[in-house]
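Asker: generate a structure from the sequence data that follows.
(4 chains)
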Number of protein chains: 4
Amino acid sequence: MKNTFGNVLTLTVFGESHGEAIGVVIDGISPGIPVSEGSIKQALLKRAPFGKISTARCEKDDFRILSGVYNGHTTGTPLCIVIPNKDVRSEHYEKNKDLLRPGHADYTSLCKYGGFADPRGGGHSSGRITAAICAAGAVIEDALRAKGIKIGTHISRLAGIDDVKFCDTERDIETLNSKRFAVLDDGRAAEMTERIEKAAEKGDSVGGILETAVSGIPAGIGEPFFDSLESMISHAVFSIGGIKGIEFGAGFAVADMLGSQCNDPFRIENGTVYTVTNNNGGINGGISNGMPIVFRCAVKPTPSVSIEQDTVEIAKRENSVISVIGRHDPCIVHRARAVVDAITAFCVADMLCLRYGNNYLAKDIT
Amino acid sequence: MKNTFGNVLTLTVFGESHGEAIGVVIDGISPGIPVSEGSIKQALLKRAPFGKISTARCEKDDFRILSGVYNGHTTGTPLCIVIPNKDVRSEHYEKNKDLLRPGHADYTSLCKYGGFADPRGGGHSSGRITAAICAAGAVIEDALRAKGIKIGTHISRLAGIDDVKFCDTERDIETLNSKRFAVLDDGRAAEMTERIEKAAEKGDSVGGILETAVSGIPAGIGEPFFDSLESMISHAVFSIGGIKGIEFGAGFAVADMLGSQCNDPFRIENGTVYTVTNNNGGINGGISNGMPIVFRCAVKPTPSVSIEQDTVEIAKRENSVISVIGRHDPCIVHRARAVVDAITAFCVADMLCLRYGNNYLAKDIT
Amino acid sequence: MKNTFGNVLTLTVFGESHGEAIGVVIDGISPGIPVSEGSIKQALLKRAPFGKISTARCEKDDFRILSGVYNGHTTGTPLCIVIPNKDVRSEHYEKNKDLLRPGHADYTSLCKYGGFADPRGGGHSSGRITAAICAAGAVIEDALRAKGIKIGTHISRLAGIDDVKFCDTERDIETLNSKRFAVLDDGRAAEMTERIEKAAEKGDSVGGILETAVSGIPAGIGEPFFDSLESMISHAVFSIGGIKGIEFGAGFAVADMLGSQCNDPFRIENGTVYTVTNNNGGINGGISNGMPIVFRCAVKPTPSVSIEQDTVEIAKRENSVISVIGRHDPCIVHRARAVVDAITAFCVADMLCLRYGNNYLAKDIT
Amino acid sequence: MKNTFGNVLTLTVFGESHGEAIGVVIDGISPGIPVSEGSIKQALLKRAPFGKISTARCEKDDFRILSGVYNGHTTGTPLCIVIPNKDVRSEHYEKNKDLLRPGHADYTSLCKYGGFADPRGGGHSSGRITAAICAAGAVIEDALRAKGIKIGTHISRLAGIDDVKFCDTERDIETLNSKRFAVLDDGRAAEMTERIEKAAEKGDSVGGILETAVSGIPAGIGEPFFDSLESMISHAVFSIGGIKGIEFGAGFAVADMLGSQCNDPFRIENGTVYTVTNNNGGINGGISNGMPIVFRCAVKPTPSVSIEQDTVEIAKRENSVISVIGRHDPCIVHRARAVVDAITAFCVADMLCLRYGNNYLAKDIT
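Answerer: Numbering: from 1, shown residues only, chains lettered A, B, ... in the order given. The predicted model follows:
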């Protein structure tokens, strides 16, 4: 297990889906950052299930800050946030516990943990853990915002329906952060929702693509050879369950471009260098170039489907079939967006603190 | 800068394109691994330019092992390999040194290193550094092979031409490792080469997609939450210059799948669990499931093109144009394949050593 | 801040003396280790204040395991233990908050955290945090014991009174672990206690030396050049507040020895290699040699003394005097012993897991 | 093996005593630091053997900088320095290779590396490796000096003879750095040298104590809980072979002090806070308080003695005797001083870069 991420600013997660609580420890955080409980609630709400398109499990996500905050500001010492698990029903997991759920971590957990992992609700492999990351991310996102750095993610594609592209990145980010179903063109939301519901009715699930933008990041951030911005962001993003691909800027489309098309021409205006296009997603040689950082991740359809699938009954070592019953999301794309925002915030903040010092996020006090 | 990668088995790179030498230090390596100079030469050859489709710079890549090998075996102490730079011509770089080359790290290096970076040949940002990684990778790939784990990469797509898919993974890997231009269907090689040459004639460049497979990896490897196999592999692969996307298994195609299509059904045969399809690329919940690990990366067209492009003359802070002259590759896809193999070998070996102990790669001696 | 320690097995601490709770996250822990709440209670009791020789603050240390344990065994996922703070009285700290307490971290915290640190009870700098480490250490100590590795610490010297030396290391360790005031010769306990009480009566405090032994550790453990056993153990031990020195084996006495005296001669008996003396403390070249690892740390007298001392009133930037009032320990030597045991257990377990794999502590399940 | 040290600024060492070369990679170094070959030579000279009190092996220590320096300044990319081994005679090692040298790492290496370690001259366990650290340290020490931070070490005690104490720390450091045999009172040098020679004549060796001071370090540096200044410095220092103890400030003497004696009273003068005494060695709660950091390490007598000692002939698994022949130092205390300076410089620089950003050492360019 490796449940800590980051060089200077680190994030440690713990907890199981149906255990007592999940939580997170942020370490290396600058002192003096205002901590808003409202922002944390908002971030948890962005990730929370809602309507018919999500799980019926209803966690109030009442978090508690156990340490690291005093008089409403970070102290500079480890900030621990705990979120108790309350609406826990483990009976479905008990019933099927010997049937490996396809697309899930049941089999790989068994191989890794030798049968000692908590099976209830997927245990530590559950998406539930990401709630803690969102809570923590809210603190960091606020701090970055105070430095002029903003992060936003929209549902670029869901079950075959495309959203429009980012246009005015900074304004779009603001718009997205006020929405629970994050599309730039609200017209697409209904269609996407409909597809989710249709899949859900059939006991099936759908996937999609999230597109994230980070605006306001200064040029010169990133630590190649190995800790390029793409390396750090992809490392973080792939820790989210269900992500199977990531691409920066033009991404896979670069494969079919000529160099003369793919290169982003530099221009200077009023002393500011910028690029005319952004095929490199704001990153050259692993280092930020001052343009918005833009990337997309592919989110697979939730593996929990009630449609019958072939599988193995592992205790008997026999072939069998499974129909996964329980309170599952027919789609997690719209919820995962909050997690991508949070984890991206950590990556970016960590790289900034490495470059400018571990008090950077509250530099006024230096 | 972060030029060390890995948890237990680490890789540290150093060097500049036109400096005295490039090199690598492998640390945490198990003692008793046979070191074959032939394998290292072979790996360097896989990466070396050849024919009209590569740079005219001709480095013999005469490497020297400075430490960590005794009587033909690893000692268990740091293994340092150095490759001197010989065929160095820096005059082109001198001429253009104030013109930011679009798509390159010139501008971002300037922002990060304040003008102190070695500008000749791209300095430490140059693809030249990856030769050292290939040399080191050869040692690890041999050790993995002795454990039944094999890694191979083919050019899945180049300038719009597709290769066929992996079929018999293990055999395909063997085939690929004997080829300098790594396609599964040799018939596609000519067409791809032609496209490279055509672009080169026009002073342009082309990109492509590499597909990598790892066979023989046991189930249970990977360290989620943060060091999932996808996280570690993507972290490593994005350190290679020019990679702009990565996807595992079905990758971005999962976005349009239903859960019932995307899930890989489990079956058991003669006591061995396997999946019927491999949409998850051999990884569930960040942990290997025993199937081949399969991923693809998008490689952008080389940014060095002699076609005139808009740019900025940074010393004068004025707009200008540039035509990048020098000995450049019109395509690096076919060469990058060797680097992806090497760096993947490190990731996999590191995760295995974390799981089974740092003497794993030479377990007979334990 | 750096609140995570370890390579493979990591320990993350959080919390403030008068905050809501303190706690610890153990990550990278092998699955299948039996977790005994009794052992945790016992470890907390070893560290708990008692009698007239300790603080009057009485924390019941009711811990809660939030994650990582299922059916009485570690799951292999992060194990979080939280200990709420209950008997909190902050009024003394409020009164003196602008007077820098000599020997404490008040001034250095101010410089580091810019005034945002929680001042109550020393905040995160308080020895209170070490309760969480003891709780976590109990789990690891049990796991090590199951592998034949035992750790024990005695008060080698306190306020000028010496205990006897280790004699039969393994048996002595057992004896020590059953004592609250850990001396090998109980006759010394009374005298030591008396000196503590005498200092306390005068509003003063006393220091001492702790000696720790680890028996049963196999030869070949340690990761030089930089992660030698001495490096790792000293790193961990110096994180405990109040430790100002550490020495291994003969320690500082080696300075006056001849090589022929200091070297430990090797002998072999029934196929087992051992050394006749143990001046090197069980470590040669940073690696264990199979003999007990033995080290001593110097613990300074508690800096909280009510005797008036010169200091600075920092808000006014004026010289002043302070008499530290509150519920303080006149000596922490006898309590710190539990923390040294716990943190040593982590070091040793981490090095073993690095060598033998991250499932080592529960190897039966591999 | 763990041959990399540091959080932001890292040091990686490689090489064997009788291999082709030893070397070091410094990563995370700020760009724009002037690199003086003269300083590197000077540092190597401080460590070099001389006179009758050292080994007869005479390495010219001709170093080569392979990367990371351009136009006389650091580029910000990895700086590799290589020192070839030239005066190598391995015949003595061949003769005795099955006899475990007491006090050396022969037996522990065998247990760790399974017989694959390079036995010649102690291989990677040899003190020879520290030459590379001194070369690298010279670059960092120069950079720190430009920030007003100076490091110096004197032979506090050697074979029972004491040097005087630090008096005017900053001036004393300057004096020490100009001496090959680093004592504050030159009168003691002759006596110490005589004792070394006397031991050498008898085929024996002597040990001693080094005392190091760091002046000019700002208050607020250090990263507790785990990366306290004491933790980081001790971690680094214990990686040097032969160090068996370290103590900060009053060190082990704190054990016998009362709190009212041990506490360093704060005073303020012209707006500057300082302490009247320095029993805490410039560190409170793991963080620098602005006073000089002062620590002492115990260096054991060189284990290579020609006096006959009991040992084991490991291949035969039989008891035997050994007389270690070869070109050995009868004392390494006076040479180790250069290594302690170098490695302390790294620790301090790393902590400063963590606090103020990775360009701190050349902050003018930010």
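
Asker: need the phi and psi values for residue A:23.
Answerer: phi -170, psi -180 (degrees, to the nearest 10).

Asker: what about the helices in the stretch 201-350 of chain A?
Answerer: Secondary structure of the stretch 201-350 of chain A by DSSP state H, counting those that start in this stretch: the helices cover A:229-237, A:259-262, A:333-356.

Asker: of all those helices, which one is nearest residue D:201?
Answerer: Evaluated over these, closeness to residue D:201 peaks at helix A:333-356, with 54.2 Å, by C-beta to C-beta. Placement of C-beta: from N, CA and C, glycine included.

Asker: show me where pLDDT drops low in the stretch 51-200 of chain A?
Answerer: A:56-57, A:90-95 (pLDDT under 70).

Asker: quick one: the helices in it?
Answerer: Using DSSP H, counting those that start in this stretch, helices in the stretch 51-200 of chain A cover A:91-95, A:106-113, A:130-146, A:169-177, A:186-201.

Asker: how about those helices, which one is nearest chain C?
Answerer: When the helices of the stretch 51-200 of chain A are compared by C-beta to the nearest C-beta, helix A:106-113 sits nearest chain C, at 4.0 Å.

Asker: reformat the helices of the stretch 201-350 of chain A as CSV; add mean pLDDT, distance to residue D:238 and mean neighbour count.
Answerer: Shown next, in CSV, are the helices of the stretch 201-350 of chain A (pLDDT from 0 to 100; distance: least, C-beta to C-beta, whole Å; neighbours: other C-beta atoms under 10 Å in any protein chain shown):
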stretch, mean pLDDT, distance to residue D:238, mean neighbour count
helix A:229-237, 98, 32, 28
helix A:259-262, 97, 51, 24
helix A:333-356, 97, 27, 26
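
Asker: ok, which of those helices comes nearest chain C?
Answerer: Of the helices of the stretch 201-350 of chain A, nearest to chain C by C-beta to the nearest C-beta is helix A:333-356, at 11.3 Å.

Asker: one step back: for residue B:208, find the nearest of the helices of the stretch 51-200 of chain A.
Answerer: Checking these against residue B:208 by C-beta to C-beta gives helix A:169-177 as the closest, at 28.9 Å.

Asker: mind putting the helices of the stretch 201-350 of chain A into a markdown table with distance to residue C:33?
Answerer: Converted to a markdown table, these look like this (distance: least, C-beta to C-beta, whole Å):
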| stretch | distance to residue C:33 |
| --- | --- |
| helix A:229-237 | 29 |
| helix A:259-262 | 52 |
| helix A:333-356 | 30 |
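
Asker: I'd like the helices of the stretch 51-200 of chain A laid out as JSON lines, including distance to residue A:157 and mean neighbour count.
Answerer: Formatted as JSON lines, the helices of the stretch 51-200 of chain A follow (distance: least, C-beta to C-beta, whole Å; neighbours: other C-beta atoms under 10 Å in any protein chain shown):
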{"stretch": "helix A:91-95", "distance to residue A:157": "31", "mean neighbour count": "13"}
{"stretch": "helix A:106-113", "distance to residue A:157": "28", "mean neighbour count": "26"}
{"stretch": "helix A:130-146", "distance to residue A:157": "21", "mean neighbour count": "25"}
{"stretch": "helix A:169-177", "distance to residue A:157": "15", "mean neighbour count": "18"}
{"stretch": "helix A:186-201", "distance to residue A:157": "9", "mean neighbour count": "17"}
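
Asker: which among those helices is found nearest to residue D:342?
Answerer: helix A:130-146 (36.8 Å).

Asker: stretch A:32-39: how far from the chain's middle?
Answerer: Mean-position distance between stretch A:32-39 and its chain equals 20 Å (C-alpha atoms, centre = their mean, to the nearest Å).

Asker: kindly apply the preceding question to stretch A:270-280 instead.
Answerer: Using C-alpha atoms, centre = their mean, the offset of stretch A:270-280 from its chain centre is 28 Å.

Asker: now do the same contact list for the residue of the stretch 251-366 of chain A found nearest chain B.
Answerer: Nearest residue of the stretch 251-366 of chain A to chain B: residue A:285, at 2.5 Å (C-beta to the nearest C-beta). Contacts for residue A:285 (C-beta atoms under 8 Å, 6 or more residues apart in numbering or on different chains) come out as A:224, A:228, B:104-105, B:108-109, B:125, B:241.
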